[in-house]
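S.K.: Return a 3D structure for these sequence lines:
(chains A and B)
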Amino acid sequence: MPDRNLTYQDLLQIVELIKASSQFGEFHLKLGDIEVDLKRGGGKARQAAPVAALAAVATGSSATRKPEDEHDTPQRHGHVGGGEIVSEAVVSGTGHAQGASRGVPLAYPEGAILIKSPMVGSFYRAPEPGARPFVEVGQQVGMDTVVCIIEVMKLMNSVPAGASGVVTHILVEDGGPVEFGQVLVVIEPS
Amino acid sequence: MGKPFRRVLVANRGEIAVRINRACRELELETVQVYSEADRDSLAVRLADRAVCIGTARSSQSYLNAEFIVSAAMTYGADAIHPGYGFLSENAAFAALCQKVGIAFIGPSAKVISMMGDKTTAKRMAEEAGVPTTPGSTGTVSDLVEAKAVAAKLGYPVILKAAAGGGGRGMRVVWNEKDVAEQFANAAREAKAAFGDDSIYVEKYLTGIRHVEIQILSDGENVLHLGERDCSIQRRNQKLVEESPSPVLDEDVRTKIGEAAVRLCRHVAYKSAGTIECILDARNGQFYFMEMNTRIQVEHPVTELVTGIDIVKEQIRIAQGHPINMRQSDIHLRGHAIECRINAEDADNGFAPCPGRVQYFHMPGGPGIRVDSHIYSGYQIPPYYDSLLAKIIAWGQNREEAIARMRRALFEMRVEGVKTTIPFHEKLLCNEQFRRGDVHTKFVEDVLLEVK
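M.R.: Below you'll find the predicted structure:
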């Protein structure tokens, strides 16, 4: 294996490949003193392991388990930066709930700001059908820049960035359903 | 009218959300479970086909928010909403909103909810349907002078009740004429604060009474009653234990009350499941209409066990436009069922709520034991909602066997990590008066809790 560290970009690529695979049940990667463990599937209550492992990789340190992971259940946890992972665990199989969005394990850069939906409704990228989207990935935004609309029963609610920075991720498809607290857009502050 | 559902949104939480998810699964309907952030780890969220977070823990931002709930239904493709009990289940505006956006509300119409939710209108409907009502004022009293006049005619004691109230709140008992002025002012003030409406009506206050309620199922044409539940074991107007049949009802009175309940429902064109609550004076067999609950009730399993009918599935079928495939003559009460509501409360400390983590839960089982609960080992009880942990329902060939089975179940049941009312129920089930079936609505407060 080439003697270099696993970078953030490498990790994103790996995760995208895994996500794209419909046959994926378990994935285990060991590279030097770095280990990545991903599991998909129901039955077991705990899926804290992938979160901790990916977190360790992103920060380049050896795997440390955060105390609160011990009590985590297979639901998403969103939070701000620190090299931690926003992991939306997909628990498939009958009788288990699926989150509103398809689970997308992602690593966010340290200090990333996650814009979350203030309500349940439909996500729109543009003010109207056919109009230019409010923002694109790579775009600079300010505190009051509108990044998207959440439609609730025909009422349009604008969501401002609330921070200055660059858009790094837009996580929901135009017109897609979103729930309260769901991560919509990620901004790297600048 | 109705159309088949594909996906039902469960607009509630806790044990009733689990119940509704179970009924939908049997009917092969998909479920969308809405939840607040505090209920992320709840059992209903895990059982549902899909779970959608709609807001923060506060009920006003989640389970009581009609717009969020309807938005979730529309966004996630639900064609029906089951409101459970409490929260928005008897909110006419919510039912109307569902109707407006074309989502089926599993319950009666907004108009009927509104009508029967107003205590004085409901009472008038009962009178029109020839159902006996508690002697009292005709509608609300406009002022203290009128209240005094009505009370004088009825004879003391009387009870002042908020017209917009319910659930045992907004009431004041007046024992003498000299107390009327003060109590009237108190009742009006409390009603205004709690329900936004200070209208008061006056009723004769009856003592030594039992609370007997009739379960109704109606598809709009066919109106049936599923017998009675005796809910006399209460504390501060909150039910603790319910049973069916009532130990004091004979076939004659049962038929009379059942027919009266059906008459009232026909009169208001009621559709779906509902319960007519009555006061029963066991000394003379006289019953009086008290109020109607236009929703599924907490204690519905008691009736399900003695009739063999799944009331929640029937509600869902009725909402889809299916007729009820039964006649009154098909309905029989078989055996005896008792339900104990186990709450996270300290019965030795004024029943103070004790939220916390359920370190270990062992669910009782065996013959004739049904458990409706949302808790599990490791479950963190959120402090924002009610304290109900589990409903234990025991069925037996007769009342003695039901009691024996309940005692056995409570002996075996373990909820570690939080204080529960299991010891209170164990004490009640040993009580001689309770075992004789000789109780009234003040029994718990006056007799059981008095003896320390």
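S.K.: any idea where the strands of chain A begin and end?
M.R.: Using DSSP state E, the strands of chain A run over residues A:26-31, A:34-39, A:85-86, A:106-107, A:113-116, A:121-124, A:140-141, A:146-152, A:155-160, A:165-170, A:177-178, A:183-189.
S.K.: Find the nearest non-adjacent residue to the most centrally placed residue in chain B, please.
M.R.: Centroid-nearest residue in chain B: residue B:297, 3.5 Å away (criterion: C-alpha atoms, centre = their mean). Excluding its sequence neighbours, the residue lying closest to residue B:297 (C-beta to C-beta, 6 or more residues apart in numbering or on different chains) is residue B:275, at 5.3 Å. No exception for glycine: its C-beta is placed from N, CA and C like everyone else's.
S.K.: in the sheet, who's paired with the one you found?
M.R.: Beta-bridge partners of residue B:275, counted by DSSP bridges, are residue B:215, residue B:293.
S.K.: buried set for stretch B:408-420?
M.R.: Across stretch B:408-420, burial judged by 16 or more other C-beta atoms under 10 Å in any protein chain shown covers B:408, B:409, B:410, B:413, B:415, B:417, B:418, B:419, B:420.
S.K.: Would you map out the domains in chain A?
M.R.: Domain assignment for chain A by automatic domain parsing gives A:8-109, A:114-189.
S.K.: Which of those domains has the lowest mean pLDDT?
M.R.: Among those, domain A:8-109 carries the lowest mean pLDDT, a mean of 49.
S.K.: For the helix or strand containing residue B:173, name the packing helices and strands.
M.R.: Using DSSP states H and E, residue B:173 sits in strand B:171-174. On a contact count with 3 or more C-beta pairs under 8 Å, 6 or more residues apart in numbering or on different chains; DSSP states H and E, strand B:171-174 meets strand B:158-162, helix B:180-195.
S.K.: Including mean pLDDT, distance to residue A:134 and mean neighbour count, could these go into CSV?
M.R.: Output for the helices and strands packed on strand B:171-174, formatted as CSV (pLDDT from 0 to 100; distance: least, C-beta to C-beta, whole Å; neighbours: other C-beta atoms under 10 Å in any protein chain shown):
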stretch, mean pLDDT, distance to residue A:134, mean neighbour count
strand B:158-162, 92, 50, 25
helix B:180-195, 88, 44, 17
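S.K.: Tell me which of the ones you listed lies nearest to residue B:435.
M.R.: With respect to residue B:435, and counting by C-beta to C-beta, the nearest of the helices and strands packed on strand B:171-174 is strand B:158-162 at 30.0 Å.
S.K.: Now tell me what touches the closest one from outside.
M.R.: B:119, B:136, B:147, B:150-151, B:169-174, B:183-184, B:187, B:190-191, B:194-195, B:197-205 (C-beta atoms under 8 Å, 6 or more residues apart in numbering or on different chains).
S.K.: And the pLDDT for the residue of the stretch 351-452 of chain B found nearest chain A?
M.R.: The nearest approach of the stretch 351-452 of chain B to chain A comes at residue B:378, 8.2 Å away (C-beta to the nearest C-beta). Residue B:378 is assigned a pLDDT of 97 by the prediction.
S.K.: residues touching it, list them.
M.R.: Counted by C-beta under 8 Å, 6+ apart, residue B:378 has contacts B:357, B:358, B:359.
S.K.: ok, the first one - how many residues close by?
M.R.: Read that as residue B:357. Residues near residue B:357, counting by other C-beta atoms under 10 Å in any protein chain shown, number 14.
S.K.: And the residue of chain B that's closest to chain A?
M.R.: residue B:51 (3.9 Å).
S.K.: Tell me how far that residue lies from residue B:35.
M.R.: 6 Å (C-beta to C-beta, to the nearest Å).
S.K.: Over to residue B:142?
M.R.: Distance from residue B:142 to residue B:35, by C-beta to C-beta: 45 Å.
S.K.: check contacts around the residue lying closest to residue B:343 once chain neighbours are set aside.
M.R.: The shortest distance from residue B:343 to any non-neighbouring residue, by C-beta to C-beta, 6+ apart, is to residue B:387 (4.3 Å). Residue B:387 is in contact with B:343, B:344, B:345, B:353, B:354, B:355, B:381, counting by C-beta under 8 Å, 6+ apart.
S.K.: Need the residues touching each of residue B:51 and residue B:35.
M.R.: Contacts common to residue B:51 and residue B:35, judged by C-beta under 8 Å, 6+ apart, are residue B:45.
S.K.: which residues of the stretch 101-250 of chain B fall in helices?
M.R.: Using DSSP state H, counting those that start in this stretch, the helices of the stretch 101-250 of chain B run over B:110-117, B:119-128, B:144-154, B:180-195.
S.K.: Adding distance to chain A, write these out as TSV.
M.R.: Formatted as TSV, the helices of the stretch 101-250 of chain B follow (distance: least, C-beta to the nearest C-beta, whole Å):
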stretch	distance to chain A
helix B:110-117	17
helix B:119-128	30
helix B:144-154	44
helix B:180-195	27
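S.K.: As TSV, the ones you listed with distance to residue B:328 would be great.
M.R.: As requested, the helices of the stretch 101-250 of chain B are exported to TSV (distance: least, C-beta to C-beta, whole Å):
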stretch	distance to residue B:328
helix B:110-117	21
helix B:119-128	20
helix B:144-154	36
helix B:180-195	36
